[in-house]
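Visitor: Take this sequence and fold it.
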Amino acid sequence: MKVLILIPTRLFVEPDCLASVNNQTHADYSVCIHALAPIQLHIESEKNRVLNVVRNRNMMRDMALKTDAEWFMWVDSDTVIPPSAIATFLKYKKPLMGGWYKKKDGSVWVAGSFIPNGLFQFYKEQPADAELPVDLLGLGCAFMHRDVLEKIEFDPGITKDM
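Guide: Prediction:
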């Protein structure tokens, strides 16, 4: 099954990330790196960063859907994936899956679920169950079928108004 690995970035891909992507055991894959310089979309720096990240992801989405790939793997430019990442995701064949990785500050995993009181909780430890259903997964390591990518457009969840 053909897989396209998508790496959006502002400037470059970390060498360890690129090495891990190029070292996959699954043979039928290619890599698309899209570097996009940020533009001023919002006066607040963090909102501007988020808007530019989403802008890049949507550009990559449009490019990806013009390929013949059946599966898409999103990898942040600083994320290191195991050599069996593609093979492992393909084994499960779920339409949308995420890999376990920590937030930059290392405090929690970029995955979580709503808890009974209606609050959202990030995972503080990596669960032992590899097929754990979650309510949120990060795109720093995400795997999705073409059917999913065709139906979504990435939304920053914030207004562009300055």
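
Visitor: Residues contacting the longest helix seen in the chain, please?
Guide: Across the chain, the helix with the greatest residue count (assigned by DSSP state H) is helix 45-64. Helix 45-64 has contacts (CB atoms under 8 Å, 6 or more residues apart in numbering) with 4, 6, 8-10, 32, 34, 36, 38-42, 72, 74, 139, 149, 152-156, 158, 160. In short, each C-beta sits where N, CA and C put it, glycine included.

Visitor: Check which helix or strand the residue of the chain positioned farthest from its centre maps to.
Guide: Distance to the chain centre peaks in the chain at residue 117, reaching 28.3 Å (criterion: CA atoms, centre = their mean). Assigned by DSSP states H and E, residue 117 falls within no helix or strand.

Visitor: separation between the residue most central in space within the chain and residue 149?
Guide: Note on the chain: the residue nearest the mean C-alpha position is residue 139, at 2.1 Å, using CA atoms, centre = their mean. Counting by CB to CB, to the nearest Å, the separation of residue 139 from residue 149 is 11 Å.

Visitor: How far off centre is the longest helix of the chain?
Guide: From the chain centre to the centre of helix 45-64 is a distance of 12 Å (CA atoms, centre = their mean, to the nearest Å).

Visitor: now do stretch 97-113
Guide: Distance, stretch centre to chain centre, for stretch 97-113: 11 Å (CA atoms, centre = their mean).
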